[in-house]
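Q: give me a model of this one.
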Amino acid sequence: MSFVVVGAGPAGVRVADRLAAAGQAVTLIGDEPGVPYDRVALSRYLAREVTAHDLRRPPALGVRHLAGLRIAAIDRAARRVIASNGRRIGYATLVLATGAAAFRLPLPGADLPHVRLYRTLADVETMIGAASRGGEAIVIGGGLLGLEAAAGLALRGMRVTVLHAADRLMERQLDPPAAARLQAHLAIQGMAVRTLANTQAITPAGVTLADGTQLPARLVVIAVGIRPNSALAAAAGLAVGRGIVVDDAMRTSDPAILACGECAEHRGQCVGLVAPALAQAEIAARTALGEPARYRASADSAALKIAGAPVWSAGEIAAPDTDALVLDDPDGGYRRLLLRNDRLVGAVLYGATEDAPWYMRLIRDARPLGALRDVLPFGPAFA
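A: Residues are numbered from 1 along each chain as shown. Alright, predicted model coming up:
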């Protein structure tokens, strides 16, 4: 049996490795040149914490890797994929792990040469080259990726301003007090933040806001989210919503084709973090091998360290029907824990995040807290 995996990101490599470990012939196809790399660690590369060589994640022995090859079509009747150069590769089972693309804001000037998205190794290499000449940088987007980009550029000597349309940084992961602490920390590190900032246009000299403010910039980075790469599947007639629709076994509407990771839509949801993407990849590999497997989504968590400030959140952080337990130490950490029906359903940690795995287990287990509720903000040492 021949397996073909389209997409050489983390999910695609995981599937290919699992199939090869089972003794199967597998071809991994990626449209980026070179060896697959750890996309999650790009921020560490930008921040000089690792080298480009450290990012390399070559597939396992036994995987035939075809780099720099873009698949243009799927011939489902003949069970083969067709590359943009006309090459045809047959499959018995096809796994789509095409990931997602960074969203480019539809702004005047968004395609100027000094404007970059923050998604690929090539994007980061360009950002590093721009940072070597110093000057002002503007990052549009104050979410996870935007702040990672801003911190890395600041560490490389650029004067960075973050523009965010929402009322606080990382509004999907942080509550207002934690976001305020993070913004104050970034200011101390020399990064300016403008919230409720709507960008009207990008010019060769910088950025113009909706209120007429003009900000200079040699480099503009857009980091405002991603969109599943589902066009290939849609053109082949597969069921597509926001992403490629899959069942619990990661099967698409064609039983010979599976999908996993950021390109997939499972029960109406698309993933945007590496942990659930890899979990889906494991299920896809088992299904491809004929083993029974079912994916069950669990509460997502987000963790990062911005300019030395650790933050972590998981589960529901803004549900109106929850009770909140708050521990706020001005000289230490901040914790906000959300409870419903005596169960932990969400948590926000800023500063001291070492207890995050314990809170994550409580959220996923969904067990009644009982007497544990009274000491919950103080962590497992007091439990």
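Q: and the strands in the stretch 201-350 of the chain, which stretches?
A: 206-209, 214-216, 219-222, 226-228, 244-246, 257-259, 264-266, 301-306, 309-315, 323-328, 334-340, 343-350 (DSSP state E, counting those that start in this stretch).
Q: what packs against the second one?
A: Helices and strands touching strand 214-216, as assessed by 3 or more Cβ pairs under 8 Å, 6 or more residues apart in numbering; DSSP states H and E, comprise strand 136-140, strand 206-209. Bear in mind the C-beta positions are built from the backbone N, C-alpha and C, glycine included.
Q: just say which of the strands of the stretch 201-350 of the chain is most tucked in.
A: strand 257-259 (a mean of 28; mean count of other Cβ atoms under 10 Å).
Q: where does pLDDT dip in this structure?
A: 1 (pLDDT under 70).
Q: domain map for the protein?
A: Annotated domains of the chain cover 2-101+226-288, 115-222, 308-382 [automatic domain parsing].
Q: so which of the helices and strands packed on strand 214-216 is nearest I306?
A: Closest of the helices and strands packed on strand 214-216 to I306 is strand 136-140, at 11.9 Å (criterion: Cβ to Cβ).
Q: who's in contact with the closest one?
A: The contact list for strand 136-140 (Cβ atoms under 8 Å, 6 or more residues apart in numbering) reads 105, 130-131, 146-147, 149-150, 153, 158-163, 199, 206-207, 215-224.
Q: the domains of the chain: which one's closest to Y295?
A: Once those are compared by Cβ to Cβ, domain 2-101+226-288 is nearest, at 4.4 Å.
Q: got JSON lines for the strands of the stretch 201-350 of the chain, with distance to V50 too?
A: Output for those, formatted as JSON lines (distance: least, Cβ to Cβ, whole Å):
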{"stretch": "strand 206-209", "distance to V50": "30"}
{"stretch": "strand 214-216", "distance to V50": "31"}
{"stretch": "strand 219-222", "distance to V50": "20"}
{"stretch": "strand 226-228", "distance to V50": "22"}
{"stretch": "strand 244-246", "distance to V50": "32"}
{"stretch": "strand 257-259", "distance to V50": "30"}
{"stretch": "strand 264-266", "distance to V50": "29"}
{"stretch": "strand 301-306", "distance to V50": "14"}
{"stretch": "strand 309-315", "distance to V50": "18"}
{"stretch": "strand 323-328", "distance to V50": "34"}
{"stretch": "strand 334-340", "distance to V50": "29"}
{"stretch": "strand 343-350", "distance to V50": "25"}
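Q: which residues in the chain form helices?
A: Using DSSP state H, the helices found in the chain span residues 10-21, 42-46, 121-131, 144-155, 176-188, 231-235, 274-288, 356-365.
Q: with mean neighbour count and distance to L339 as extra columns, can I get those helices in a markdown table?
A: Listed next are those as a markdown table, based on neighbours: other Cβ atoms under 10 Å; distance: least, Cβ to Cβ, whole Å:
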| stretch | mean neighbour count | distance to L339 |
| --- | --- | --- |
| helix 10-21 | 25 | 33 |
| helix 42-46 | 22 | 32 |
| helix 121-131 | 17 | 40 |
| helix 144-155 | 24 | 25 |
| helix 176-188 | 18 | 17 |
| helix 231-235 | 17 | 40 |
| helix 274-288 | 23 | 24 |
| helix 356-365 | 17 | 10 |
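Q: tell me which of those lies nearest to R80.
A: helix 231-235 (13.4 Å).
Q: follow-up on the earlier one: just put the helices of the chain in JSON lines and tack on distance to A302.
A: What follows is the helices of the chain, written out as JSON lines (distance: least, Cβ to Cβ, whole Å):
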{"stretch": "helix 10-21", "distance to A302": "16"}
{"stretch": "helix 42-46", "distance to A302": "13"}
{"stretch": "helix 121-131", "distance to A302": "20"}
{"stretch": "helix 144-155", "distance to A302": "6"}
{"stretch": "helix 176-188", "distance to A302": "12"}
{"stretch": "helix 231-235", "distance to A302": "27"}
{"stretch": "helix 274-288", "distance to A302": "10"}
{"stretch": "helix 356-365", "distance to A302": "10"}
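Q: nearest to L344, out of those helices?
A: Across these, L344 has its closest neighbour in helix 356-365 (4.4 Å, Cβ to Cβ).
Q: what's that closest one packed up against?
A: On a contact count with 3+ Cβ pairs under 8 Å, 6+ apart, helix 356-365 meets strand 301-306, strand 309-315, strand 343-350.
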